[in-house]
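>>> Sequence and predicted structure are below.
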Amino acid sequence: MNFSFPIKLDKENCERKLLSIKRLLAFPRRIIARIITYSLLTKNGVIIVYSDPKRSKVINLIRKIKSENEILMGNHEAYQIFMAVRRTEKIKGDISEAGIYMGGSAKLISEAKGNKTLHLFDTFEGLPDLCPKDNPRQFHKGQYPSSLKNVKDYLKKYQDVHFYKGIFPLTTEPIKNKRFSFVHLDLDLHEYTLEGLKFFYPRMNKGGIIMLHDYMSSLGVTRAVDEFFKDKPEPIIETSDSQCLIVKV
């Protein structure tokens, strides 16, 4: 059964609403931008505008990766990874990422790494066991599974990319004699983040960068980083999102 209801249009009211819309659309873009900026800042938001062509190119790359794959980080975080890899190109050493999930950030690194060798670590079966310093309401065993085959296919066009399947750092034997210029740790959990720092820190060349995801959002990661660097000379540099980075001195 269909029902229909008559709608009485108020011509004067409609014209008034249309006029309001036209006035809004006539606002200069800078005024609309200021309104949006103010709204976000009152919510403790952060806005970063990339207007030059070089930075816009990186943002477009990040958007492309997000449209074709799942990457569990914001645009700011992805941009910072890309630029950290690019800016450490003059530092000798390989590059590594531990905790690659579906390969989104690994593709970002591959686009920025030039001719350097990239070593990628993941269980490809999801997170391993948690420890008491992790938050079981935030993470659980088996979370974030992925496929080694799919990630390899996704990154197949890039040269000098090597994969290591298994629980990190038990899979690091092939690279124990390598030196590094950039390392990205996205391991989520306390024990594995701490072990990652123990493995990579002494192998970082001077000026190299270790970047960690979830420093401000995962209690286990926060504890691991703070614990490891409490007696080290390097400061822990927080970024605008949930990352932190350390520059080896």
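Structure's in. What do you need?
>>> quick check: domain ranges of this structure?
With domains defined by automatic domain parsing, the chain comprises 11-41, 53-247.
>>> In JSON lines: the ones you listed, plus mean neighbour count and mean pLDDT.
Every residue, glycine included, has its C-beta placed from N, CA and C. Listed next are the domains of the chain as JSON lines, based on neighbours: other C-beta atoms under 10 Å; pLDDT from 0 to 100:
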{"stretch": "domain 11-41", "mean neighbour count": "10", "mean pLDDT": "59"}
{"stretch": "domain 53-247", "mean neighbour count": "18", "mean pLDDT": "96"}
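>>> And stretch 134-150, end to end?
29 Å (C-alpha to C-alpha, to the nearest Å).
>>> what's in contact with it?
72, 100-103, 122, 124-130, 163, 165, 188-190, 218-220 (C-beta atoms under 8 Å, 6 or more residues apart in numbering).
>>> list the contacts for the residue lying closest to residue 179 once chain neighbours are set aside?
Using C-beta to C-beta, 6 or more residues apart in numbering and skipping residues adjacent in sequence, the residue nearest residue 179 is residue 93, 4.3 Å away. Applying C-beta under 8 Å, 6+ apart to residue 93 gives the contacts 116, 178-182, 204-205, 208.
>>> which one of those is nearest residue 242?
Residue 242 lies nearest to residue 182 out of the contacts of residue 93, by C-beta to C-beta, at 18.5 Å.
>>> what's the single longest strand in the chain?
strand 204-212 (DSSP state E).
>>> Can you list phi and psi of residue 237 for me?
Dihedral angles of residue 237 (phi, psi; degrees, to the nearest 10) stand at phi -100, psi 110.
>>> what residues are up against the residue nearest the centre of the chain?
The C-alpha lying nearest the average C-alpha coordinate of the chain belongs to residue 73 (C-alpha atoms, centre = their mean; 3.8 Å). By C-beta under 8 Å, 6+ apart, the residues touching residue 73 are 81, 105, 213, 241.
>>> Quick check: the two most widely separated of the residues you listed?
Maximum pairwise distance among those (C-beta to C-beta): 13.3 Å, between 105 and 241.
>>> rewinding a little: just the contacts of stretch 134-150: which are in helices?
190, 219-220 (DSSP state H).
>>> circling back to that earlier point, identify, from the contacts of residue 73, the entry nearest to residue 231.
residue 213 (23.5 Å).
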